[in-house]
Every structure is written in structure tokens, then in C-alpha cells.
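Student: no sequence for this one, just the structure:
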Ligand code: HEC
């Protein structure tokens, strides 16, 4: 009889132990999840700020950000290559390039991979979406200019 009781006690203690550790694990998991969660913007201006932050933050391995190469208002030259100013740039997109529709998102991907030596981001990733939003915002009021040639500015 006593054997059975002590067995039950041990079993209950064991179950209690499992339960407690499950609770502890859940608390740890939840707090880690909260601390890693990216705060997503709630307002228009927060979303613009986020796009701007991506513009100034290096993403790839060469330490360059968009702002390292692109000025806001002025085209710059690096050797023979012209680096276009960013303001108003979205008006040239989509382009007709290499017999395909080439969107601003394609261009962002290109500059991230070849300008910043970064991993190719997904088209609907945060970095692409917020940069896209920010660049269109900086193109407010400019007249759209979609022409057959890719050399336009
Ligand atoms: C290493 C320098 C460099 C970096 C870094 C860079 N770019 Fe560029 N970008 C260029 C050059 C050069 C061109 C023009 C030639 C080309 O399309 O590759 C260009 C073209 C563009 C264009 C298209 C202009 C047009 O009308 O065709 C956009 C938009 C653009 N960059 C945005 C960005 C953004 C946003 C970032 C950051 C994610 C970025 N670039 C990072 C050098 C850079």
C-alpha cells in the first residue's frame, strides 16, 4: 500500500515538474519572440521614416548604403558611370528594358545585390517594400515619364 502511495506521489511530482517546465518554456519563448519582433509602423509618417532608415542603412557586406552612392537632388559621376539623384526617380518606372517590363522593385533588388553586395531580397520583403514606398513618396508631384528608351536622364 505505502509503495503505491509513494509511487503516486512520485508520479504526481513528475507531472508537476513537466507542467512547470512547460510553463517556464512558454514564458521564455514568448518573451524571446516579443524581443525579436520587428515593430511595424502604424502611421504613414512612421512608414516613410522606415523607408528612409533603409535608405541610409548598409544592407550588404561592403558597408555601403543607398545614400553612399545616391544623392537626393544631384546626379553624381563615378568614373564613366552616372549615379542618378533619388528625388523624382520613381517617375521613370516601370521601364521597358531588355524587352521586358522593369519595375522600381527590380531596380532596388539590382542595387542591393550589385551596389551593396547584399543577399537578393524577396520582392515583398520589408526592405524592398519600404524603400519602394519611400522612393515613390520622394517622387510626389513629378510627372511620370515612361518612354521607349532606357536612357532618359
Ligand atoms: C555602389 C553604388 C550604389 C549603391 C550602393 C546603390 N546604387 Fe542605385 N544605382 C547606382 C548606379 C551606378 C545606378 C545607375 C546604373 C544602374 O542602373 O545600375 C543606379 C540606379 C538606381 C536607380 C534607377 C535609376 C534610373 O532611373 O534608372 C534607383 C531607383 C536606385 N539606383 C536606387 C537605389 C537604392 C534604393 C539603393 C539602396 C538599396 C541603391 N540604389 C544603392 C549605384 C548604386
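Tutor: Arrived safely, thanks for sending. Here the structure is a predicted model, which means the values were calculated and not measured.

Student: what ranges do the strands span in this protein?
Tutor: For the chain, applying DSSP state E gives strands covering 76-78, 81-83, 95-97, 100-102.

Student: Deepest-packed of the ones you listed, please.
Tutor: Among those, ranked by average contacts under mean count of other CB atoms under 10 Å, first place goes to strand 95-97 (a mean of 15). Placement of C-beta: from N, CA and C, glycine included.

Student: who does that one pair up with?
Tutor: Its sheet considered, strand 95-97 pairs with strand 100-102 (antiparallel) by DSSP bridges.

Student: between the strands of the chain, which one is nearest to the ligand?
Tutor: strand 81-83 (4.6 Å; CB to the nearest ligand atom).

Student: The residue nearest to the spatial centre of the chain and the ligand, how far apart?
Tutor: By CA atoms, centre = their mean, the chain has its centre lying nearest to residue 127, at 2.1 Å. Using CB to the nearest ligand atom, to the nearest Å, residue 127 is found at 7 Å from the ligand.

Student: quick one, what contacts that residue?
Tutor: 54, 59, 108, 112, 121 (CB atoms under 8 Å, 6 or more residues apart in numbering).

Student: separation between it and residue 113?
Tutor: With the distance defined as CB to CB, to the nearest Å, residue 127 ends up 12 Å from residue 113.

Student: Then residue 83?
Tutor: From residue 83 to residue 113 the distance is 16 Å (CB to CB).

Student: Now render the strands of the chain as a markdown table, adding mean pLDDT and distance to residue 21.
Tutor: Below are the strands of the chain laid out as a markdown table (pLDDT from 0 to 100; distance: least, CB to CB, whole Å):
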| stretch | mean pLDDT | distance to residue 21 |
| --- | --- | --- |
| strand 76-78 | 94 | 59 |
| strand 81-83 | 95 | 57 |
| strand 95-97 | 94 | 58 |
| strand 100-102 | 95 | 55 |
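
Student: what about those, which gets the closest to residue 11?
Tutor: strand 100-102 (67.4 Å; CB to CB).

Student: How many neighbouring residues does the closest residue in space to residue 49 that isn't next to it in sequence have?
Tutor: Excluding its sequence neighbours, the residue lying closest to residue 49 (CB to CB, 6 or more residues apart in numbering) is residue 41, at 7.3 Å. With neighbours defined by other CB atoms under 10 Å, the count for residue 41 comes to 15.

Student: Over to residue 52?
Tutor: 17.
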